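Participant: All I have is the shape, not the residue letters:
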């Protein structure tokens, strides 16, 4: 099952914090302690403040992360 669709099991944006990414394009490593699932995908955050910001408006941060992943599909940088 995993091999058929590995992206479904890996963190969005390669585990980088989507709030920091959306705010300024910074790649700040997320931590499992601050991870949640949103629309069946795993998102990791650098800290509780970032996680709480995401929870308040998830699409503001999920959409830029998804777009970055689509743009980089050929090089796999943010997958």
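Facilitator: That came in fine, so what should we check first? Remember, predicted model here, so these are calculated numbers, not experimental data.

Participant: what's around residue 30, how many residues?
Facilitator: Counted by other Cβ atoms under 10 Å, the residues lying close to residue 30 total 27. In short, each C-beta sits where N, CA and C put it, glycine included.

Participant: same check, this time on the one 3 residues further on
Facilitator: Residues lying near residue 33 (other Cβ under 10 Å) number 10.

Participant: buried set for the helix or strand hosting it?
Facilitator: Per DSSP states H and E, residue 33 falls inside strand 31-38. Across strand 31-38, burial judged by 16 or more other Cβ atoms under 10 Å covers 31, 34.

Participant: And the average pLDDT for it is what?
Facilitator: Mean pLDDT, strand 31-38: 97.

Participant: Just the residues contacting that strand, thanks.
Facilitator: 11, 42-48, 50-51, 54-55, 58, 62 (Cβ atoms under 8 Å, 6 or more residues apart in numbering).

Participant: just the helices in the chain please.
Facilitator: Using DSSP state H, the helices of the chain run over 18-24, 48-56, 58-71.

Participant: can you redo these as a markdown table with mean pLDDT?
Facilitator: What follows is these, written out as a markdown table (pLDDT from 0 to 100):
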| stretch | mean pLDDT |
| --- | --- |
| helix 18-24 | 96 |
| helix 48-56 | 98 |
| helix 58-71 | 91 |
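
Participant: Looking at those helices, which one is packed in the most?
Facilitator: The highest mean neighbour count among the helices of the chain, using mean count of other Cβ atoms under 10 Å, belongs to helix 18-24: a mean of 20.

Participant: Now do that one: distance to the chain's middle.
Facilitator: Averaging C-alpha positions (Cα atoms, centre = their mean, to the nearest Å) puts helix 18-24 10 Å from its chain's average.
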